[in-house]
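A.B. asks: predicted coordinates and the sequence they were generated for:
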Amino acid sequence: MEPLATTFCPLESTQHTGNKSLNETAWSSEQTAEYSYVSIFLVMCMLGLAGNGFFIWFLIFCVKRKPFTIYLLHLAIADFMNLLCSSIIQLVNIFHIHDDNLLTYVIFLMIFGYNTGLHLLTAISVERCLSVLYPIWYQCRRPKHQSAVACALLWSLSVLVSGLESFFCILEVMPQFPECRYVYIFSCVLTFLVFVPLMVFSNLILFIQVCFNLKPRQPVKLYVIIMATVILFLVFAMPMKVLLIVGYYFDTTDESVWKSLPYLNMLSIINCGINPIVYFVVGSLRRKRGGKSLKEALQKIFEEKPAVGSRENVAQFSPPS
């Protein structure tokens, strides 16, 4: 299970290496920092689970099902899975539960949720970009259940990628080389030559639409939510993916390379937990005091329609999935 399982659980390694001096320095500064890390990590996970849980409930019961909300629902589920599995890993470490099978499944599910989030964000960005560039084509040609089918395919792709990464690299005591390198070449190509470029290009189109082509009642808040979510993912979640690809591709056992992984994992957790906050903050912008509730403001965002006659109007009235 080295090095990923221990680097996600920094307390585990210190309790092995510090046994000689444990009686003399039971609460050393290093241990205090590590327990502080775990405490902060668990608090952020709990807050993120609460936020994503509420948002999942909101999308299921309070908003009319639309293509965009279907993607957001699946994204919230993926983030919830990532947060839950990260919490379990830390709790297993705290209570010294020695169950390799449990860690195997939990780490796989955590990687699975992470990869699914990446794929779904790309699909959200691309579909919204198509609705802006080709509104008439988007309305006439878009299959009725495209969102549901796309989500199913992206979950399946995530199972494949996460399964390969877990089997050949992460859940092995010694990564299988060169198979592990081939797996991360495949993962690197998918991530940095397919999904990330599509995500960045699509959001660049949305940014130009927001800045230079504003029209009355255009769904600006919707665009802001997409762009903010993508930027946060690239800043907070992508560094961990880069480190895993570099570390396993070069088959390195250098502790200095893996030392930053727990903190990059914390950044990834922040990204999973912050998405509902982005939705709520954007939804509450320009709300007049005593006006609509936040729930109604969010409903208005996800059901927002542009003015009649705008290019976006055609896309907004596309048939729901």
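C.D. replies: That came in fine, so what should we check first? Residues are numbered from 1 along each chain as shown.
A.B. asks: helix, strand or coil for the closest residue to S260 other than its chain neighbours?
C.D. replies: Closest residue to S260 apart from its sequence neighbours, by Cβ to Cβ, 6 or more residues apart in numbering: L243 at 6.9 Å. Where C-beta positions appear, they are placed from N, C-alpha and C, glycine not excepted. Secondary structure assignment for L243 (DSSP: H, G, I helix; E, B strand; the rest coil): helix.
A.B. asks: how about L243, what does it touch?
C.D. replies: 257-258, 260-261, 264 (Cβ atoms under 8 Å, 6 or more residues apart in numbering).
A.B. asks: just the pLDDT for it.
C.D. replies: According to the prediction, L243 has pLDDT 84.
A.B. asks: one more: the one 3 residues further on?
C.D. replies: On the pLDDT scale, V246 is placed at 79.
A.B. asks: returning to what we had before: any of the contacts of L243 buried? List them.
C.D. replies: When the contacts of L243 are checked for burial by 16 or more other Cβ atoms under 10 Å, the buried set is 258, 261, 264.
A.B. asks: which of these lies closest to L204?
C.D. replies: L264 (25.8 Å; Cβ to Cβ).
A.B. asks: and the gap between the closest one and L109?
C.D. replies: 19 Å (Cβ to Cβ, to the nearest Å).
A.B. asks: again with I56
C.D. replies: 17 Å.
A.B. asks: ditto for N101
C.D. replies: From N101 to L109 the distance is 13 Å (Cβ to Cβ).
A.B. asks: those two - which one has more neighbours?
C.D. replies: The neighbour comparison of N101 against L109 (other Cβ atoms under 10 Å) goes to L109, with 18 against 7.
A.B. asks: ok, that one touching L83?
C.D. replies: No - counting by Cβ atoms under 8 Å, L109 does not reach L83; the two are 11.1 Å apart.
A.B. asks: so G283 is in which element?
C.D. replies: Under the criterion of DSSP states H and E, G283 resides in helix 261-284.
A.B. asks: elements contacting the helix or strand following that helix?
C.D. replies: Using DSSP H and E, the helix or strand that follows helix 261-284 in sequence is helix 294-302. Judged by 3 or more Cβ pairs under 8 Å, 6 or more residues apart in numbering; DSSP states H and E, helix 294-302 is in contact with helix 29-61, helix 67-94, helix 220-232, helix 261-284.
A.B. asks: quick one: closest of those to C129.
C.D. replies: Nearest of those (Cβ to Cβ): helix 220-232, 9.3 Å.
A.B. asks: how about that closest one: buried residues?
C.D. replies: Going by 16+ other Cβ under 10 Å, helix 220-232 has these buried residues: 220-230, 232.
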